[in-house]
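>>> can't give you the sequence, but here's the structure:
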């Protein structure tokens, strides 16, 4: 399996723009499903002065509900610091070791229709989708039976900056020859929606994702140094500064 990781703030804004487009154009069950991706309700969204205000309000709402779910779980894990309000896993404690399911799953479980557990209010959280570390761990936990060397992880920006080398590595990972790709094709643009956020909201998102990104880099670099990654996987050095503009 190949996991291409996009810088989380850019991914979140792209998710927001896609959800806004889908809600405008979808009907019936599809419209209901896409409305779930927003934290604030449809009536409140309709009152927003503009797209930027709507994004700001929805991100703050999402941060609050993520905090409301994760903080009690991490306080339970880290009983010696029960007053902590951090949204990051307690220092030295893996994401899910002390739970039957990880705190990430507890808060952001998306019901598949086969289980008996109710869908969580945070199941569609835009912010949760950018917490890559615990999601990657869920793919190569023992119960999943996917070894780490069967999971190829790469930064999306690397595929843009070094397409030939990156895609050669991916095709080699699959046991194929060189890819013959020397540039990425034009794709759907995020500029059809919001492309600039408030600087205050961007700072809040940088603070939120910062610790998780650091843990992600630590995990991926440890696996690389221990040689448990696929031989073709490049060293993950962390995300560059977000390209999302603000004002």
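Now that the structure is in, tell me what you want to look at. Remember, it's a predicted structure, so these values are computed and weren't measured experimentally.
>>> What segments of the protein are helices?
Secondary structure of the chain (DSSP state H): helices located at 8-25, 28-35, 42-46, 51-77, 103-108, 132-139, 156-161, 163-173, 199-225.
>>> and those, which one's lowest on average pLDDT?
Mean pLDDT is lowest for helix 103-108 among the helices of the chain, at a mean of 70.
>>> Against the centre of this structure, work out the most remote residue.
Within the chain, residue 177 marks the point farthest from the mean C-alpha position, 30.7 Å out by CA atoms, centre = their mean.
>>> which non-adjacent residue is nearest that one?
residue 171 (6.5 Å; CB to CB, 6 or more residues apart in numbering). No exception for glycine: its C-beta is placed from N, CA and C like everyone else's.
>>> How many residues are close by the one you found?
16 (other CB atoms under 10 Å).
>>> Hmm, it is touching residue 179, no?
Yes. With contact defined as CB atoms under 8 Å, residue 171 and residue 179 form a contacting pair (4.5 Å).
>>> Report the contact partners of the residue nearest to residue 169 when sequence neighbours are not counted.
Nearest residue to residue 169 in three dimensions, chain neighbours excluded: residue 232, at 4.2 Å (CB to CB, 6+ apart). If you count contacts by CB atoms under 8 Å, 6 or more residues apart in numbering, residue 232 has them with 152, 169, 170, 172, 173.
>>> and if we set it to 10 Å?
152, 154, 166, 168, 169, 170, 171, 172, 173, 174 (CB atoms under 10 Å, 6 or more residues apart in numbering).
>>> do the same with residue 127
Here residue 127 is in contact with 8-9, 11-12, 15, 39, 58-59, 62-63, 65-66, 87, 108, 205, 208-209, 212 (CB under 10 Å, 6+ apart).
>>> middle-most residue in this protein, spatially?
Centroid-nearest residue in the chain: residue 130, 1.6 Å away (criterion: CA atoms, centre = their mean).
>>> For that residue, give its distance to residue 225.
Distance, residue 130 to residue 225, using CB to CB, to the nearest Å: 25 Å.
>>> cool, and residue 45?
Residue 45 is 46 Å from residue 225, by CB to CB.
>>> Kindly report the same for residue 240.
Per CB to CB, residue 240 is found 22 Å from residue 225.
>>> Ok, residue 137 next?
From residue 137 over to residue 225 the distance is 17 Å, taken as CB to CB.
>>> Comparing the two, which residue is more hemmed in?
residue 137 (19 against 10).
>>> That one touches residue 153, doesn't it?
No. Judged on CB atoms under 10 Å, residue 137 makes no contact with residue 153 at a distance of 11.5 Å.
>>> Give me the common contacts of these two.
Common contact partners of residue 137 and residue 153 (CB under 10 Å, 6+ apart): 216, 219.
>>> Residue 128 touches residue 108, doesn't it?
Yes. Residue 128 is within contact range of residue 108, at 4.3 Å (criterion: CB under 10 Å).
>>> hang on, the earlier thing: how about the helices of the chain, which one is nearest residue 186?
Closest approach to residue 186 among the helices of the chain is made by helix 156-161 (12.2 Å; CB to CB).
>>> same for that closest one, what does it pack against?
Counting contacts by 3 or more CB pairs under 10 Å, 6 or more residues apart in numbering; DSSP states H and E, helix 156-161 packs against strand 2-5, helix 8-25, helix 163-173.
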